[in-house]
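Peer 1: Fold the following and give me the result.
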Amino acid sequence: MQKYDFRRTSAVLLCGTMLLLTGCKQKTVTLESTDYTDQVDEQIVSSSDIVNFTLPQKGEEIAVLTIKGYGDVKIKLFPEETPKGVENFKKLVESGFYDELIFHRVVDSFVIQGGDPRGNGTGGVDAWGSNTGFEQTISGRLCHVTGAVAYAIGQDKLNKSQFYIVTGQEITSDYLQQLRDAAGISLSPELTQLYQNAGGQPFLDGGYEVFGQVFDGLEHCLAIQKVAVDGEQKPKTPVVIEKAIITEYDGTVPHWYNAAGEEISVSSD
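Peer 2: Coordinates of the predicted model:
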């Protein structure tokens, strides 16, 4: 049986190892899997109203990230679920904040992470110019399936500009059993089916604000997760967001993919 590491990402660090020796006060913003070791009662994660795979309506505002050397990544936003999170992202996009920023952290079968003007995981501000950030709004109708877009946070658990796109992994029966054994988390039958169809990272649910979903161009994210990285999980060759825009969805056919890179059919009924 394959063993899954639900703590594959390092805990939130206050600064990098080298900088720590000099007493730096920067914070690295990264993903941190929840520590479930003291959890006794089993949690049942259930929702019959997951909206990740809801297709935008023609004319609806979407975000498009143009990634140099790869192509366009189109993202549906969910202002009805996470109003301030979407407003923050839209304002940052419209101000040109994300243009020419890199994906500074890439973890195969997990996420690609960007939105830091310093390019090392220690920076970021919100759309109102604050480096403090704002409180999360975590919707029970959005989950960490492959293609989900969410905010990366530090120990303060406040949103700023850093975000990640879930590339995820295939969710097998073995994975779900180990999730129950290690974390005391069980998914409802509906959510189990969704994750097994799409893949993702269900152990992140409830800890981070998902505010969008890639509905076209996810193949570029799946390709980026395979690039060579250094010891800090930073691509050795920069992966650059050439341009980010807010535009209207023109109704073109979407292309949904699962974690294995297979195009899938989804229904929002």
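
Peer 1: any idea what sits nearest I171, other than its immediate chain neighbours?
Peer 2: Distance criterion Cβ to Cβ, 6 or more residues apart in numbering; nearest residue to I171, sequence neighbours excluded, is Y195 at 4.2 Å. To be clear about C-beta, it is placed using only N, CA and C from the backbone, and glycine gets the same treatment.

Peer 1: Identify the residues contacting the one you found.
Peer 2: 143, 145, 171, 187, 202 (Cβ atoms under 8 Å, 6 or more residues apart in numbering).

Peer 1: Let me see the ranges of the helices in this protein.
Peer 2: For the chain, helices defined by DSSP state H occupy the ranges 17-20, 83-94, 173-183, 189-198, 218-224.

Peer 1: looking at these, which is buried most?
Peer 2: Most buried of these by mean neighbour count (mean count of other Cβ atoms under 10 Å) is helix 218-224; its value is a mean of 21.

Peer 1: Run through the residues that contact V125.
Peer 2: Here V125 is in contact with 117, 131, 133, 160-161 (Cβ under 8 Å, 6+ apart).

Peer 1: Now do it against G115, distance only.
Peer 2: 10 Å (Cβ to Cβ, to the nearest Å).

Peer 1: buried residues in stretch 152-169?
Peer 2: For stretch 152-169, burial by neighbour count (16 or more other Cβ atoms under 10 Å) applies to 152-154, 158-169.

Peer 1: Chain neighbours aside, what residue packs nearest to G123?
Peer 2: D116 is the one closest to G123 (Cβ to Cβ, 6+ apart), at 4.6 Å.

Peer 1: Now do the strands in the stretch 51-200 of the chain.
Peer 2: 61-67, 71-77, 103-107, 111-114, 134-135, 148-151, 158-159, 163-166, 185-187 (DSSP state E, counting those that start in this stretch).

Peer 1: which of the ones you listed has the lowest average pLDDT?
Peer 2: Set side by side, these give their lowest mean pLDDT on strand 185-187, at a mean of 88.

Peer 1: gap between it and the chain center?
Peer 2: Its chain's average C-alpha position is 20 Å from that of strand 185-187, according to Cα atoms, centre = their mean, to the nearest Å.

Peer 1: Which strands or helices does it pack on?
Peer 2: strand 43-45, helix 173-183 (3 or more Cβ pairs under 8 Å, 6 or more residues apart in numbering; DSSP states H and E).

Peer 1: on that earlier part again, quick check: neighbours shared by V125 and G115?
Peer 2: Common neighbours of V125 and G115 (Cβ under 8 Å, 6+ apart) are 160-161.

Peer 1: Low-confidence regions, the stretch 51-200 of the chain specifically.
Peer 2: Applying pLDDT under 70 to the stretch 51-200 of the chain picks out no residues at all.

Peer 1: nearest spatial neighbour of P79, skipping sequence neighbours?
Peer 2: That would be V86: by Cβ to Cβ, 6+ apart, it lies 4.2 Å from P79.

Peer 1: I62 now?
Peer 2: Y249 (4.9 Å).

Peer 1: Return the distance of V166 relative to Q201.
Peer 2: 6 Å.

Peer 1: which residues do those two both contact?
Peer 2: Going by Cβ under 8 Å, 6+ apart, residues that sit against V166 and also against Q201 are 110-111, 144.

Peer 1: and which of those residues is nearest to I241?
Peer 2: V111 (15.2 Å; Cβ to Cβ).

Peer 1: what bridges to the closest one?
Peer 2: V111 has these beta-bridge partners by DSSP bridges: V107, V166.
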